[in-house]
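S.K.: let's see this in three dimensions:
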Amino acid sequence: PTVMNREVFEVKTCAPMSKCMYLASGATRLVDCTSGGLPAPPPAADGAGVMRVVCISDTHNEHEGLRLPAGDLLIHAGDCMTETGQRGYVKRHKGVIQDVSQEGVDLFKFFAAWFGAQDFPHKVMIAGNHDLVLQGLGKACVQQMLDDSTIRGRCVYLEHEEACLGGVRIFGSPFAYWGGKNDAFFSKRCDYNDMTEGVHIMVTHMPAALPREEGSGKPDVDKGMAHALDRTGALLHVSGYCHWAHGLYRPKVPSGKIVPCVVASVCSGSMHGGPWANSKPHLLASAQGARGDPLDSKFGGYNLDQLPIVCDLELPACEVEDNIPDVTSVSASFEQEVVDEDELTTRPALLFFGPPNDPDFVRVMLPRTRELFDVDFVDSTSDGVQAVADRTYVAFIAKLGTEGNLSYPIIEALRTLQGAGPFVAIHSWTAAANQKMRDRLVQELSVNLCVKPGEEDSLFEALEKHLAAST
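M.R.: Presented below is the predicted three-dimensional model:
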């Protein structure tokens, strides 16, 4: 096999992804279907219409393994690329992208050729936090590459803006206040106040709703997105980013209305291979027998093993003309926060694990932590395990996480590789209220401190004492 005329990384062959999850119009749960066995869209009310929307995200260059069902609109909610922040496809100086390598351009062309060939009349994509190549290329170049590769239908790339396709208004934004090591389109200032009323579908890489830390009860909801969905009357939210949270969530927005939100990540949350212990590279697979990004042999990658999500969306009776945004990028209005690298080198290193199910924890704690430390922020287990293999830390602050995205493997790797030196603190209502859990964390992982929300001052006091004792 060949990939873009480059040396390939051959892996075991797996079956293509030919199933999907289906959400009928008005339904409250997803059901499994084969791509060829979807029921016909239901009849719509008088004057209305039903659009079949096929949702995918986080393909990470394994897109060729997908066998998508027919539909009216294909949405890709970001992360078409792989670990671009770590693989040398972009060159950055103090956080600002200066150049994109030809290898990075070729990788996106590889995706664009596939996306442009998918047999849908309308296709929309946004970027994700791994898509530094797209941010470096700029909106006009990305759209032109999609146009050059499109042989079926129309492809539109959105950067915090709206398009109308087939009478459906779609708002798409790659910007997020999450990012970790892969921090494309990172912005603490992102909001959705300029999303206009009447939008039918909102697409962001960052989810609007995620399961709670304890894994039960109502989902945690991003307040900014919830208000935008409510104010605009949106009928569907599509996202990715949190592979482990793949599925359907039905949060209530401020008015009390329920808006279906799908996390459509088709790659799993487990990374295989890479430069750390017990990385299990033998588990890497691909429908082509070779990874879409050959550098998976060095850095590891995700397998394609979660299903696309198909949504039948009943649209209100109205006439909306198709409209495509111009090629002017809005990236400049969301300036990336860049910290002077020379200043960071004088601070002790701290690893911060803030999974996306608790955005308030990250908003409050991360800026305060960065005042004292050179902070590496991660939001997934795999990124955390890789971080402790790459760098020595004086401390680690973490949430417990949720099933499929837990802090335990990171702490275990930290203790195995760096011993008892790093100070480990867990910030969690669950752990703080459960003596048996705290005892187990101390005995098995040598956790130094457990605090609950509201006890952040005591956490920072303990960190300062640890720093004083270690210097």
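S.K.: can you list the low-confidence ranges for the stretch 1-150 of the chain?
M.R.: In the predicted model, the stretch 1-150 of the chain carries pLDDT under 70 at residues 1-7, 35, 44-47, 83-86, 94-95.
S.K.: with the stretch 351-471 of the chain instead?
M.R.: Checking the stretch 351-471 of the chain against pLDDT under 70 turns up 359, 404, 471.
S.K.: what about the strands in it?
M.R.: 374-378, 395-398, 401-402, 405-406, 423-427, 449-451 (DSSP state E, counting those that start in this stretch).
S.K.: deepest in the core, which of these is it.
M.R.: Per residue and on average, the most neighbours among those fall to strand 395-398, with a mean of 26 (mean count of other Cβ atoms under 10 Å). For glycine as for every other residue, the C-beta is placed from the backbone atoms N, C-alpha and C.
S.K.: and it, what does it pack against?
M.R.: Applying 3 or more Cβ pairs under 8 Å, 6 or more residues apart in numbering; DSSP states H and E, we find strand 395-398 packed against strand 349-353, helix 408-418, strand 423-427, helix 456-470.
S.K.: keeping just the C-alphas, turn the last one into PDB.
M.R.: Coordinates of the C-alpha atoms in helix 456-470 are reproduced here as PDB (Å, rounded to 0.1, in the frame of the first residue of the first chain):
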ATOM      1  CA  GLU A 456      -8.700  25.600  46.100                       C
ATOM      2  CA  ASP A 457      -6.800  27.900  48.500                       C
ATOM      3  CA  SER A 458      -5.700  24.900  50.600                       C
ATOM      4  CA  LEU A 459      -4.500  23.200  47.400                       C
ATOM      5  CA  PHE A 460      -2.300  26.100  46.400                       C
ATOM      6  CA  GLU A 461      -0.900  26.400  49.900                       C
ATOM      7  CA  ALA A 462       0.100  22.700  49.700                       C
ATOM      8  CA  LEU A 463       1.700  23.300  46.300                       C
ATOM      9  CA  GLU A 464       3.700  26.200  47.600                       C
ATOM     10  CA  LYS A 465       4.900  24.200  50.600                       C
ATOM     11  CA  HIS A 466       6.000  21.400  48.200                       C
ATOM     12  CA  LEU A 467       7.900  23.800  46.000                       C
ATOM     13  CA  ALA A 468       9.600  25.300  49.000                       C
ATOM     14  CA  ALA A 469      10.700  21.900  50.300                       C
ATOM     15  CA  SER A 470      11.900  20.700  46.900                       C
END
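S.K.: and the contacts of it?
M.R.: The contact list for helix 456-470 (Cβ atoms under 8 Å, 6 or more residues apart in numbering) reads 348, 364-365, 368, 372, 394-395, 397, 421, 423, 425, 427, 448-449, 451.
S.K.: at 6 Å instead, please
M.R.: 395, 423, 425, 449, 451 (Cβ atoms under 6 Å, 6 or more residues apart in numbering).
S.K.: distance check, the third one against residue 350.
M.R.: By that I understand residue 425. From residue 425 across to residue 350, the span is 10 Å (Cβ to Cβ, to the nearest Å).
S.K.: pretty sure residue 240 sits against residue 262.
M.R.: No. The pair residue 240 / residue 262 is not scored as a contact, 9.3 Å apart, by Cβ atoms under 6 Å.
S.K.: what residues of stretch 92-104 count as buried?
M.R.: Buried residues in stretch 92-104, defined by neighbour count with 16 or more other Cβ atoms under 10 Å: 97, 100, 101, 103, 104.
S.K.: roughly how far apart are residue 242 and residue 77?
M.R.: 11 Å.
S.K.: more neighbours: those two, which one.
M.R.: Legend: neighbour count by other Cβ atoms under 10 Å for residue 242 and residue 77, higher for residue 77 (30 against 26).
S.K.: and the residue nearest to that one when sequence neighbours are not counted, how many neighbours?
M.R.: With sequence-adjacent residues excluded and distances taken as Cβ to Cβ, 6 or more residues apart in numbering, residue 77 is closest to residue 57, at 3.7 Å. When neighbours are defined as other Cβ under 10 Å, residue 57 has 33 of them.
S.K.: which ones are touching residue 57?
M.R.: 77, 78, 240, 264, 265.
S.K.: who wins for most neighbours among those?
M.R.: residue 78 (33 neighbours).
S.K.: state the distance from that residue to residue 116.
M.R.: With Cβ to Cβ as the criterion, residue 78 and residue 116 are 17 Å apart.
S.K.: could you report the pLDDT at the residue nearest the centre of the chain?
M.R.: Residue closest to the mean C-alpha point of the chain, counted by Cα atoms, centre = their mean, is residue 241 at 1.4 Å. Per-residue confidence (pLDDT) for residue 241: 90.
S.K.: need the phi and psi values for it.
M.R.: Residue 241 adopts backbone torsions of phi 70, psi -60, taken as degrees, to the nearest 10.
S.K.: OK, contacts around it?
M.R.: Contacts of residue 241 (Cβ under 6 Å, 6+ apart): 205, 206.
S.K.: just grab the bridge partners of the closest residue to residue 302 other than its chain neighbours for me.
M.R.: Spatial nearest neighbour of residue 302, excluding adjacent residues (Cβ to Cβ, 6+ apart): residue 267 at 3.7 Å. Beta bridges link residue 267 to residue 304, judged by DSSP bridges.
S.K.: mind starting the numbering at 537 from now?
M.R.: All set: I'll call the first residue 537, so the last point we hit is now residue 803.
S.K.: all strands of the stretch 737-886 of the chain, in order?
M.R.: So, for the stretch 737-886 of the chain - with DSSP E, counting those that start in this stretch - the strands run 737-740, 745-746, 756-757, 772-775, 783-785, 797-799, 803-808, 821-822, 837-840, 845-851, 885-889.
S.K.: so which of the ones you listed comes closest to residue 628?
M.R.: The closest of the strands of the stretch 737-886 of the chain to residue 628 is strand 885-889. By Cβ to Cβ, the value is 19.3 Å.
S.K.: show residues contacting the closest one.
M.R.: With Cβ under 6 Å, 6+ apart as the criterion, strand 885-889 contacts 905, 909-914, 920, 923, 927, 929, 931-934, 943, 946.
S.K.: equivalent analysis for stretch 948-955, please.
M.R.: For stretch 948-955, contacts defined as Cβ under 6 Å, 6+ apart pick out 921, 924, 932, 958, 982.
S.K.: put the buried members of those into a ChimeraX selection.
M.R.: Here is the ChimeraX command that selects only those of these that count as buried (16+ other Cβ under 10 Å):
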select :921,924,932,958
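S.K.: no further questions, thank you.
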